[in-house]
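K.L.:
Quick one, structure for this:
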Amino acid sequence: MIQRLGGDYAASEVRWQDDALCGGLPLGVFVPDKEDPKGLETARTYCNPCPVRGTCLRYALTYGLRGYWGGTDTAERRRLKAKKDRAKCPSCTSTRVVDMVDSHDALCLACGLSWLRESAAQPRTSTRVRTVA
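P.N.:
Numbering: from 1, shown residues only. From the prediction side, this is the model:
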C-alpha cells in the first residue's frame, strides 16, 4: 500500500489501494526521485488495466501528490488541474456561454445576454431566457 510521504492517511481514504495492481511493489517505482518517460511507461503497465485507476487519479489530484498515480505523472496532473480559458459573459462573467448556430452570436445561459463574439465588450442585446426545470 502506498502511504502519504510525511504521514499516514485515514484508513477509509486509502482502502481502495487494497484493490490496486501496484500493491506490494516498491514505492520508488511510483514515486521516484525524478520522473521520466520510461518510469511513466513502467507505471502505466500496472495503471492502465488497474480496476481503481480513476480513484487513484482522483486521490492524487485531491492531495497534490507527486509521482505516477492513475497512469499520469505530476506534470499531466498539473495540466489537468490548470484553470481553463473559457468564454465568459461580458455582463455577469458566467462561463455558461453557448455559441448560437449559424451566427457569430454567443448567448449566456445564466443572464440571457447575447452578443457578437468578435465584440465581447459590446453586448448587442439583452434577452432574458426562461429557465426550464
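
K.L.:
Taking the centroid of this structure, which residue is nearest it?
P.N.:
residue 80 (4.1 Å; C-alpha atoms, centre = their mean).

K.L.:
which residues in the protein form strands?
P.N.:
Taking DSSP state E to define them, one finds strands in the chain at 97-99, 105-108, 113-116, 123-126.

K.L.:
picking that back up, what sits against the residue nearest to the centre of the chain?
P.N.:
By C-beta atoms under 8 Å, 6 or more residues apart in numbering, residue 80 lies in contact with 61, 72. (Each C-beta comes from the backbone N, C-alpha and C, glycine too.)

K.L.:
can you list the weak-confidence ranges in this structure?
P.N.:
For the chain, the stretches with pLDDT under 70 are 1-12, 83-86, 101-103, 118-133.

K.L.:
Helices of that one, residue ranges please.
P.N.:
Per DSSP state H, the chain carries helices over the ranges 11-14, 27-30, 37-47, 53-63, 74-81.

K.L.:
just how off-centre is the second one within its chain?
P.N.:
For helix 27-30, the distance between its averaged C-alpha position and the chain's averaged C-alpha position is 23 Å (C-alpha atoms, centre = their mean, to the nearest Å).

K.L.:
Just the buried positions in that helix, please.
P.N.:
residue 30 (16 or more other C-beta atoms under 10 Å).
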